[in-house]
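Q: The amino acid sequence is not available; the structure is as follows:
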């Protein structure tokens, strides 16, 4: 009977001594004169299985020629394995080659650099590192859905094509059907966008927030989870031009309530992965980030600190540290500051009440006239993981802020109207999914937690 490795592992006592058939790929093949060992994986679990065969096979000589990377099927008897760290092995009675692999197969049984593996991204899921990373990506995505669904949120599919300016049109990809070689211009010398498909400028979304807020005004609690795009020409380890975002929006919720949700959700997701990816995390703890499991376990058991931006700057200014970037009350904080403040409080830190001049127009203005009810979550070892705010529900204040920041009001008139038709206190946050995965896996480069990364100068496959 055909079985996946994950099925066998779950009920190993049931299958020991029984004949089973498995299908998968050769990770390694060690040949001796009268027998051989195949390291076999089928992708259904992290751990591989050893297949033992001998010269009693009718096609022994052909089996000995099977190369790494080949697809095979094996029928055999499952027995307890003497190999350390392995519950069982398969004593082969029949081995069939289903799909040959060329001698130049790039993923050989040795360590490859991550830079090399990016060049063969279509094959890297076959390595132990990426087997672990992308299974954790799958589990974390499921955890996010389970958390929000179990707490009464509606999952909303916000548009990928938009004319609304949320994050700033200079950060969004423009889309058009116009012929670049024959652009028609108006009297002002600018391209006549009325001739384009949508009759005006359109973009690939940088955030689903504005549309999410519209649905929160009907369903109370919603979340989006999907791809977003930014044009930043940044080559850092934490930036990509295509990435995934989780963006909940909650009606009748202020900033304190939002932080409660952020903390609860993050702990839920981390705990979910700790429970379901033990093999993967043990591998990553050993070969990628020593102490990873301890770090994640500590987060689940931590009490998150809440502190205002001004108080954070006070702490940084008093610190006996020579900063590369001097902290300032009216400015953002740098990576070195994020690291210091999480170490100072020995755990995750919510930084609240940011200077309004460095934050977006839609954030709730505080009574002091200088700050907004915004919050960033800083976590040890990763820095900023989430950013959110209470949204400005006052129509007049929001209009004035839009005018101050010279945002094109015509693209978001509908968004303003939400304040006139039953508006209420509401809040939301965004979390870059890949930033979370960097934290969960210890793999520090965003290019290695996305299956096919899109970064400046790189759009392979």
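A: Alright, I've got the coordinates. Keep in mind it's a predicted model, so treat the numbers as computed, not measured. Numbering: from 1, shown residues only.
Q: Let's verify the residue sitting furthest away from the middle of the chain: helix, strand, or coil?
A: Farthest-out residue of the chain from its mean C-alpha position, per Cα atoms, centre = their mean: residue 56, at 48.7 Å. Using DSSP: H, G, I helix; E, B strand; the rest coil, the structure places residue 56 in coil.
Q: Quick check: it vs residue 92, distance?
A: 9 Å (Cβ to Cβ, to the nearest Å). Glycine gets a C-beta too; all of them are placed from N, C-alpha and C.
Q: what do you get for residue 67?
A: 17 Å.
Q: quick one: the strands in the stretch 251-400 of the chain?
A: 305-308, 349-355, 371-379, 383-391 (DSSP state E, counting those that start in this stretch).
Q: In the chain, where is pLDDT below threshold?
A: Within the chain, the stretches with pLDDT under 70 are 165-170.
Q: Okay, and the beta partners of residue 429?
A: Using DSSP bridges, the bridge partners assigned to residue 429 are residue 388.
Q: Just read off the phi/psi values of residue 244.
A: In terms of degrees, to the nearest 10, the main-chain angles of residue 244 are phi -110, psi 150.
Q: What residues does it make contact with?
A: Residues in contact with residue 244 (Cβ atoms under 8 Å, 6 or more residues apart in numbering) are 225-228, 432-434.
Q: can you rerun that using 7 Å?
A: By Cβ atoms under 7 Å, 6 or more residues apart in numbering, the residues touching residue 244 are 226-227, 433-434.
Q: Top of those by number of neighbours, please.
A: Using other Cβ atoms under 10 Å as the neighbour criterion, residue 434 leads these with 24 neighbours.
Q: For that one, give me phi and psi.
A: Here is the backbone geometry of residue 434 (degrees, to the nearest 10): phi -70, psi -30.
Q: Check residue 124 too.
A: Per-residue torsions, residue 124: phi -70, psi -20 (degrees, to the nearest 10).
Q: Check the gap between the closest residue to it other than its chain neighbours and residue 8 for me.
A: Spatial nearest neighbour of residue 124, excluding adjacent residues (Cβ to Cβ, 6 or more residues apart in numbering): residue 117 at 4.2 Å. Distance of residue 117 to residue 8, given as Cβ to Cβ: 29 Å.
Q: Which one's more surrounded, the two?
A: Comparing residue 117 with residue 8 by neighbour count (other Cβ under 10 Å), the higher total belongs to residue 8, at 23 against 20.
Q: Against residue 241, how distant is that one?
A: Taking Cβ to Cβ as the measure, residue 8 falls 41 Å from residue 241.
Q: Equivalent analysis for residue 335, please.
A: Note on residue 335: its distance to residue 241, by Cβ to Cβ, is 21 Å.
Q: for residue 454, same thing?
A: Going from residue 454 to residue 241 by Cβ to Cβ gives 5 Å.
Q: how about residue 115, secondary structure?
A: Classification of residue 115 using three-state DSSP returns helix.
Q: ok, back up a step: quick one: which of the contacts of residue 244 sit in strands?
A: Judged by DSSP state E, the subset of those located in strands is 226-227.
Q: Name the nearest of the contacts of residue 244 relative to residue 416.
A: residue 226 (24.8 Å; Cβ to Cβ).
Q: Would you map the helices across the chain?
A: Using DSSP state H, the helices found in the chain span residues 5-10, 12-15, 60-64, 114-119, 128-150, 209-219, 255-276, 278-287, 292-300, 309-318, 335-345, 395-404, 413-417, 433-441.
Q: Give me the distance from the last one to the chain's centre.
A: What separates the centre of helix 433-441 from the centre of its chain is 5 Å, taken as Cα atoms, centre = their mean, to the nearest Å.
Q: Packing partners of that helix?
A: In this structure, helix 433-441 packs against helix 128-150, strand 242-251, strand 383-391, with contacts taken as 3 or more Cβ pairs under 7 Å, 6 or more residues apart in numbering; DSSP states H and E.
Q: Can I get these in a markdown table including distance to residue 101?
A: Shown next, in a markdown table, are those (distance: least, Cβ to Cβ, whole Å):
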| stretch | distance to residue 101 |
| --- | --- |
| helix 128-150 | 18 |
| strand 242-251 | 31 |
| strand 383-391 | 40 |
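Q: Which one of those lies nearest to residue 15?
A: Nearest to residue 15, of all these, is helix 128-150, at 22.5 Å by Cβ to Cβ.
Q: quick one, the closest one and helix 278-287 angle?
A: Interaxial angle, helix 128-150 versus helix 278-287 (axes from the mean of the first three to the mean of the last three Cα atoms, to 10 degrees): 130 degrees.
Q: contacts for helix 128-150?
A: 46, 124-125, 155, 223, 225, 246, 248, 265, 268-269, 272-273, 276-277, 280, 283-284, 436-437, 440-441, 443, 448-449, 451.
Q: Buried among those residues? Need that as a selection in ChimeraX.
A: In ChimeraX syntax, the buried subset of the contacts of helix 128-150 is picked out as below (16 or more other Cβ atoms under 10 Å):
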select :46,124,125,223,225,246,248,265,268,269,272,273,276,277,280,283,284,436,437,440,441,443,448,449
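Q: For residue 210, find the nearest of the strands of the stretch 251-400 of the chain.
A: Nearest to residue 210 among these is strand 383-391; the distance by Cβ to Cβ comes to 9.8 Å.
Q: quick one, that closest one and strand 242-251 angle?
A: Interaxial angle, strand 383-391 versus strand 242-251 (the same axes, to 10 degrees): 40 degrees.
Q: residues in contact with strand 383-391?
A: For strand 383-391, contacts defined as Cβ under 7 Å, 6+ apart pick out 213, 254-255, 258, 262, 335, 338-339, 362-364, 372-379, 425-431, 435-436, 439.
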